[in-house]
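Undergrad: Curious how this folds, go ahead:
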Amino acid sequence: MLMYMSSSQPQTGSTPLHSVSVAGVVVREDGRVLTIRRADNGTWEPPGGVLELDETPEDGVRREVYEETGIKVRVDRLTGVYKNMSRGVVAMVFRCHAESGYERLSDESTAVEWLTGDEASDRMGDVYAVRVLDALREDGPQVRSHDGRKLIA
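TA: As a prediction, this is how the structure comes out:
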């Protein structure tokens, strides 16, 4: 059997390796969503990061949101799966709601704000804005691919 591998993709044996990340779109009762401005690149995004090997996706979302914002959340549902085709990163995004805590900055965030869907779309790049908008929808989960900047149709 012939197998074709992308030379840009890290691999083990015959299986390409992917990185898995998780993010939480935390929706407040008034419909605003919790967002951060990342310390490393200044972009606005829902809080999230790399899923650790020993944690479930839901545990990863709870950990990442708390670490980056100070808000403890309950994970409600998966709203989308997004693949960065150029980097091999698969991101799972979950809709959440706040249970406790107060907004605070972290080593990973230089701002933490509750934004409307429109405000989030205005501040975020396409590949992050769509994650917020997908999480605000009632259908789903959505499955999308992108090149790191733009969605791939």
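Undergrad: Now stretch 111-127 - C-alpha only, CSV.
TA: The C-alpha atoms that make up stretch 111-127 are tabulated as CSV, following Å, rounded to 0.1, in the frame of the first residue of the first chain:
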residue,chain,number,x,y,z
ALA,A,111,-6.5,42.4,28.3
VAL,A,112,-9.6,40.4,29.3
GLU,A,113,-12.9,41.8,28.0
TRP,A,114,-16.5,40.8,27.5
LEU,A,115,-17.5,41.7,23.9
THR,A,116,-20.6,41.4,21.8
GLY,A,117,-20.4,39.1,18.8
ASP,A,118,-20.0,42.1,16.5
GLU,A,119,-17.2,43.6,18.6
ALA,A,120,-15.4,40.2,18.7
SER,A,121,-15.7,40.0,14.9
ASP,A,122,-14.3,43.5,14.5
ARG,A,123,-11.3,42.8,16.8
MET,A,124,-10.5,39.3,15.8
GLY,A,125,-9.0,37.8,12.6
ASP,A,126,-11.3,35.7,10.5
VAL,A,127,-10.2,32.3,11.8
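Undergrad: what's it in contact with?
TA: For stretch 111-127, the surrounding residues in contact (Cβ atoms under 8 Å, 6 or more residues apart in numbering) are 28, 31-37, 43-45, 68-70, 82, 84, 103-105, 129, 132-133, 136, 146, 148-151. C-beta: built from backbone N, CA, C; applies to glycine.
Undergrad: May I see the PyMOL selection of the buried members of those residues?
TA: With 16 or more other Cβ atoms under 10 Å as the criterion, this PyMOL line picks the buried residues out of those:
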select buried, resi 32+33+34+35+36+37+44+45+68+69+70+82+84+129+132+133+136+146
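Undergrad: What is the neighbour count of Gly48?
TA: A count of neighbours around Gly48, defined by other Cβ atoms under 10 Å, yields 26.
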